[in-house]
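Enquirer: I would like the atomic coordinates for the input below:
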Amino acid sequence: MRIPALLLLLTLALPLAAAEHTIAVVGLVHSHVWGHLGKMVKGQPARLVGVAETAPDLVAEAQKRGVPAELISADWKKMIDEKKPEIVWAFVENNRHLEIVQYCAPRKIHVMFEKPLSATYKEALAIQGLAAKHGIYVLSNYQMAWWPTNYAAQAIADSGQLGEVWRIRGIVGHGGPGGPTGLNKHFFDWLTDPVKNGGGAMVDFGCYNALWSLMYLGRPETVYAQVNKLRPEEFPKVEDNATIVLHYPKGVAVLEGSWDLPRSFQDLEVFGRKGSVYMTGQKVELRVGRGAAQDVMVKPLPAGEAEPIAYMIQCIETKTAPKGMTSIELNAGVVEIIEAAKESVRTGRAVALKK
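Expert: Numbers count the residues shown, from 1 in each chain. Next up, the predicted model:
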């Protein structure tokens, strides 16, 4: 039967239905999952097809938050092979990130992690290699990556209003990760493990600071670090306070990460010879010369760049790897800096990064 020419033209003119994007969650031991699971349950902006976890209390919590029992699996590899998700968001220990990519990459499944990219630099390079080999995207998620203030501050620095940027000071932290009670016991147990996390506060919050330093100043020449154990009874295996100093040919980054602060901080100040810009999640202040601080107007981010799943979908649809704060290149550099900082603590000396 022949299709009439007019009908055929009308059919071809109809817009193609948007492809459905699917996502699966591997692991629930990283407590950041609870801030994102609700959207996934609602299918926003990708349909949830599976959740893999073995801890009964975490499984019960997921079901309480709306995950159907039939979507929950104890075997994450089996779940991936059966559900065939387009994206996997793994909320697991940092030292398991490579294991996840090793399984997903050959299956052409894109992967998302909570920061940092990995527990060690060797693992970061392996993840980067697998992503390139198999043509997948790997996104490192930071809460601050979706703050419009971050991009407003960077735009000011890029505009030249500050002069050449030569110094940054970042302070990130809060009063600590709580204790090993309730659902938090899973998060606390691995976050305070030097192997599973890669360290303590230096890894937990140093990665934010290292990311800022790479954004504004690039890769440093040397890394020097000092740590404190102010609460050894709570954190016997890891540091709870860390200060990292990065040296550049024409600049310096002073980076503070702590579990010992009286309130939460994710504050950055960027200095040039002409002025400075101060940023938090809520505001951006510009100072030119010795003038008073001026509030900077901050524009909302486009919908496709305002939250992690939407951004990963945008990357997939445009066939463009995640850029900037969530990119694999920048986040491999973050782990390189943190690893050098740990070596500096061990030796008591500044560590030169290999050229």
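
Enquirer: and the protein, what are its domain boundaries?
Expert: 19-142, 145-352 (automatic domain parsing).

Enquirer: will you turn those into CSV that also has mean pLDDT?
Expert: CSV is the format used below for the domains of the chain (pLDDT from 0 to 100):
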stretch, mean pLDDT
domain 19-142, 97
domain 145-352, 97
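
Enquirer: okay if I get those as TSV plus mean neighbour count?
Expert: Using the backbone N, CA and C atoms, a C-beta is placed for each residue, glycine as well. Shown next, in TSV, are the domains of the chain (neighbours: other CB atoms under 10 Å):
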stretch	mean neighbour count
domain 19-142	19
domain 145-352	18
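
Enquirer: isn't residue 69 right up against residue 63?
Expert: Yes. With contacts counted by CB atoms under 8 Å, residue 69 reaches residue 63, the gap being 6.1 Å.

Enquirer: could you point out the longest helix of this protein?
Expert: helix 328-347 (DSSP state H).

Enquirer: past that helix, which element shows up next along the chain?
Expert: Using DSSP states H and E, the next helix or strand after helix 328-347 towards the C-terminus is strand 351-352.

Enquirer: next one: that following strand to chain centre, how far?
Expert: Remark: strand 351-352 is offset 25 Å from the chain centroid, using CA atoms, centre = their mean, to the nearest Å.

Enquirer: what lines up beside it in the sheet?
Expert: strand 222-228 (antiparallel) (DSSP bridges).

Enquirer: what is the orientation angle of the partner strand with helix 328-347?
Expert: Strand 222-228 and helix 328-347 are oriented at 60 degrees to each other (axes from the mean of the first three to the mean of the last three CA atoms, to 10 degrees).

Enquirer: report all helices and strands that the helix or strand following strand 222-228 contacts.
Expert: Using DSSP H and E, the helix or strand that follows strand 222-228 towards the C-terminus is strand 241-248. Helices and strands touching strand 241-248, by 3 or more CB pairs under 8 Å, 6 or more residues apart in numbering; DSSP states H and E, are helix 201-216, strand 222-228, strand 251-258, helix 328-347.

Enquirer: how much space separates the most centrally placed residue in the chain from residue 240?
Expert: Centrality entry for the chain: nearest residue to the mean C-alpha point is residue 141, 2.6 Å, by CA atoms, centre = their mean. Using CB to CB, to the nearest Å, residue 141 is found at 24 Å from residue 240.

Enquirer: show me where this structure has its helices.
Expert: 5-13, 37-41, 56-64, 76-83, 97-104, 121-134, 148-159, 184-191, 201-216, 308-318, 328-347.

Enquirer: so which of those helices gets nearest residue 291?
Expert: helix 148-159 (14.1 Å; CB to CB).

Enquirer: and the contacts of that closest one?
Expert: 144, 162, 165, 215-216, 268, 270, 272, 277, 279-284, 286, 296-301, 325 (CB atoms under 8 Å, 6 or more residues apart in numbering).

Enquirer: please apply the same query to stretch 199-206.
Expert: Here stretch 199-206 makes contact (CB under 8 Å, 6+ apart) with 94, 116, 119, 172-173, 177, 191-192, 194, 197, 225, 227, 235, 237-242, 244, 255, 257-260, 337-338, 341-342, 345.

Enquirer: 7 Å instead?
Expert: Residues outside stretch 199-206 that contact it (CB atoms under 7 Å, 6 or more residues apart in numbering) are 116, 172-173, 191-192, 197, 227, 235, 238-242, 244, 255, 257-259, 338, 341-342.

Enquirer: with stretch 289-309 instead?
Expert: By CB under 7 Å, 6+ apart, stretch 289-309 touches 23, 45-46, 112, 139, 141, 146, 148-149, 152, 156, 274-275, 283-287, 310-311, 314.

Enquirer: apply 8 Å and report the result again.
Expert: Contacts of stretch 289-309 (CB under 8 Å, 6+ apart): 23, 36, 39-40, 44-46, 87, 89, 112, 139, 141, 145-146, 148-149, 151-153, 156, 274-275, 277-278, 283-288, 310-311, 313-314, 326.

Enquirer: now stretch 261-269
Expert: Contacts for stretch 261-269 (CB under 8 Å, 6+ apart): 143-144, 153, 168-175, 208, 212, 276-281.

Enquirer: between the two ends of that stretch, how far is it?
Expert: 18 Å (CA to CA, to the nearest Å).

Enquirer: centre of the chain to it, how far?
Expert: On CA atoms, centre = their mean, the centre of stretch 261-269 falls 18 Å from that of its chain.

Enquirer: same question, stretch 245-255
Expert: With CA atoms, centre = their mean, you get 23 Å for stretch 245-255.

Enquirer: what's the span of it, first residue to last?
Expert: 6 Å.

Enquirer: same question, stretch 269-285
Expert: Stretch 269-285: ends 9 Å apart by CA to CA.

Enquirer: in contact with the nearest residue to residue 66 once chain neighbours are set aside, which residues?
Expert: Using CB to CB, 6 or more residues apart in numbering and skipping residues adjacent in sequence, the residue nearest residue 66 is residue 41, 4.1 Å away. Applying CB under 8 Å, 6+ apart to residue 41 gives the contacts 48, 65-67.

Enquirer: one more time with 6 Å
Expert: For residue 41, the contacting residues are 48, 66-67, by CB atoms under 6 Å, 6 or more residues apart in numbering.
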